[in-house]
Structure formats: structure tokens, C-alpha cells
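Undergrad: No letters, just coordinates:
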């Protein structure tokens, strides 16, 4: 700790200055206002607060030099906290301490007529040790408050982002106010993204926002129970397309994208569309699905219970096969549909003999009672297959 001997020249001079503390405070306030525009521009720091802060810190430093006590870091920490709350730069705070130390030194020299040159050499060391201790404590208080304020700002922003995606149909102005508070445009080319996450990874959304920002595209993201929701704010469909490509490159799970819309009034509907689009993709697939591309899958995700019932009724016996055999049958049926019903093309895709494909298709017919050659049967099999895929039976 910094202390001063009560009989030292520094102590006597400090006691003398304490008697003129009001005048010393006025001088420091004038110097701060002349040297630091920050103190003049701050609308939060009142003149009375500036005077009080200067008085307390000058008094605390002089008390140490006078040998009346130790460094009171609570005073300096309180100063640091106050300046952080009022957004005064830390550099300005540290300069204030230097100016205060300079002022004390000048006033001591004016009153040091009876002090020998040798004794004068001890004064700067004691003075600047005290100034250093107080400025260090002020930095600690400043940094602590900065962290607290940053957390508070992050929490406030997170609340605003959550408000943007929540359903406030009964009071649309809530979303409008949140959009404005976040600095988002009120009109533009918007789209909502619903990205599935295998595990909580907050950095994923942050990485996406950074990538889009680098391309001049604004976005905000929220972590939800089923993954992430993002609002893309572009200037045109081209911006949205570019953003969707970047989203697909970052997230390795299913991603759904709503139709584009022009104002915040479309966000609630777009959230539903993005989630439906995401759920329409096979579970576990790393793919991007846009709502406007959905047709049959939209029916399945809109009525999931009915889709599951259709799958069980249509493919029931097939689904009860051992896992490996079941997956082989489903993969063959899916390839057959993707190859437009061509047995030869299906065999090439699966690297099987044509007779193997025919054997499996016959087995599917025997198990389900439906033949792929019949249009109605094929339609029912396709519908059931899509429902099964969305329930989590991935193709192998």
C-alpha cells in the first residue's frame, strides 16, 4: 500500500493543500473541461457530479500523502464505475488522474520554499505512487462495469430479437417497435430461416450473421427449442438467395426458408413457413428447403398425425422388417421413384443387378399389397415413403 510519513515534506505540503481543497477542485475541473471534450460532451455527467468526483479523489490522494491513511480504492473504483456508466472513455478517465497529479505537484512546488532540494526528490515518488494506485483501481471499476453493461445490452438485444419472432398478432406494434430498436429496415426483401441444430451451438448463428454482414446483408438470429430462427433483411431477391446459400454452408442439419415478404407484418407467417419447410426434409439430411418449392410434403408436415397413419397403413409390414432389410426396401423404392420408374436406371444407381431390383419391388408388393406399376398404388407408396423419411428413416 502507498503511505506517507506524517513528518515528511510531502505530508506537510499535502496538509496545506487539503485546507485549500475547494480551490484545488475548481482548478482541476477547469483543466478537465479544457483538456477533455469528452467531459463537456457527456450528457449524463452533471457539473455537480464532476465536482464531487474531483473533490473525492483529490482528498483521497492528499490524505495518503499527508500520512493520514492508506489508499481508498473504493473511491477510485466508484469513479471508474461512474465514468463507464456515462460512456466516458477510459483514456479520458486516466488522463484526469494524470492532470490531478500534475496539479498537486505544481501546487506543492509553489508552497515548497522551505523544502530542500534533497527532500523534494522524495515527493514525486510518493505522489505518483498514489496516483498510480488510484488510477489502477479506477480501471478495475471501469472494466467491471463495462462487462456488466455489455451483458445488460446483450440481454436487452436478445429480448428484442425474441420479440421479433414471437406471435404478437394481437398487438403488431410490438414487433414494429422491436424491429426499429434493433436498427432493422422497416421495408425490404425479408425471409425467415429455421435451421435445425443437433446440439446448442450459439456460435453457428453468430458465424452466419458475420458472413452475411460481410456481404452487406443484415440478419438477426435467435436460439429456440428446435434450433435457430433467423431474419434475413435484404434489398432484393438476389440478396436473399445469396444469404440462403451461406446459411446452407454453415448449418449441417435441415434448413427451411420462408417465402420473401416486404414488411415486419409478414414475420409471424414466415416463421411458420420456415419451420414447415425444414420439417419437410428427411430427418438428418443437411439440406435447404424453400417453402415455395413444397407441394405434397406440405400436406404431410401440416398434418403429421395423418401422415404417420398413412405410412403405417401403407407400409406397415415392410416397416416391421429387420432394420437392414427394411432400409434396403425403402432405399430401392426411393431410387425407383427418383429414376422415374426405370428398373434399369434404378439398378445402375444402386449398383445392383436388374433382377435384384425386380425382386425387391415384388417383395414390396407382397408386403404392402401395392404394385408400383399401378398409378394409384404408386401414389400411395410415394406418399407413405415421404412420410417415413420425414419421421427419421434416412436413406442408405
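TA: Perfect, I can see it now. Since the model is a prediction, treat every value here as computed from it, not as a measurement.

Undergrad: so where's the chain shaky on pLDDT?
TA: Scanning the chain for pLDDT under 70 picks out the ranges 1-7, 38-45, 198-203, 284, 391-396.

Undergrad: so what's the backbone phi/psi at the residue nearest the centre of it?
TA: In the chain, the centroid-proximal residue (Cα atoms, centre = their mean) is residue 206; its distance is 5.6 Å. The phi/psi pair for residue 206 (degrees, to the nearest 10) reads phi -60, psi -40.

Undergrad: Residue 113 now?
TA: phi -60, psi -40.

Undergrad: And it, how far from residue 13?
TA: Distance of residue 113 to residue 13, computed by Cβ to Cβ, to the nearest Å: 11 Å. All C-beta spots, glycine's among them, are computed from the backbone N, C-alpha and C.

Undergrad: cool, and residue 140?
TA: For residue 140 relative to residue 13 (Cβ to Cβ), the value is 29 Å.

Undergrad: quick one: buried residues of stretch 354-365?
TA: Within stretch 354-365, the residues that count as buried by 16 or more other Cβ atoms under 10 Å are 357, 360, 361, 363, 364, 365.

Undergrad: For the residues you listed, give me CSV that also has distance to residue 37 and secondary structure.
TA: CSV is the format used below for those (distance: Cβ to Cβ, whole Å; DSSP: H, G, I helix; E, B strand; the rest coil):
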residue, distance to residue 37, secondary structure
357, 81, helix
360, 81, helix
361, 82, helix
363, 84, helix
364, 81, helix
365, 85, helix
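
Undergrad: Tell me which two of those residues sit farthest apart.
TA: The largest distance within the buried residues of stretch 354-365, taken as Cβ to Cβ, falls between 357 and 365 and amounts to 12.8 Å.

Undergrad: Excluding residues flanking it in the chain, which one is nearest the residue nearest to the centre of the chain?
TA: residue 221 (7.4 Å; Cβ to Cβ, 6 or more residues apart in numbering).

Undergrad: how many other residues sit next to residue 151?
TA: For residue 151, the tally of surrounding residues (other Cβ atoms under 10 Å) stands at 10.

Undergrad: helix or strand right after whichever strand or helix holds it?
TA: Residue 151 belongs to helix 122-165 when elements are defined using DSSP states H and E. Next in sequence after helix 122-165, counting helices and strands by DSSP H and E, comes helix 173-181.

Undergrad: ok now that following helix, how far from the chain's centre?
TA: How far helix 173-181 lies from its chain's middle: 18 Å, per Cα atoms, centre = their mean, to the nearest Å.

Undergrad: which outside residues touch that helix?
TA: With contact meaning Cβ atoms under 8 Å, 6 or more residues apart in numbering, helix 173-181 is reached by 160, 161, 163, 164, 166, 168, 186, 264, 265, 267, 268.

Undergrad: Distance to residue 108 added to those residues, as a markdown table?
TA: Putting these into a markdown table (distance: Cβ to Cβ, whole Å) gives the following:
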| residue | distance to residue 108 |
| --- | --- |
| 160 | 53 |
| 161 | 56 |
| 163 | 58 |
| 164 | 60 |
| 166 | 63 |
| 168 | 65 |
| 186 | 61 |
| 264 | 63 |
| 265 | 69 |
| 267 | 66 |
| 268 | 69 |
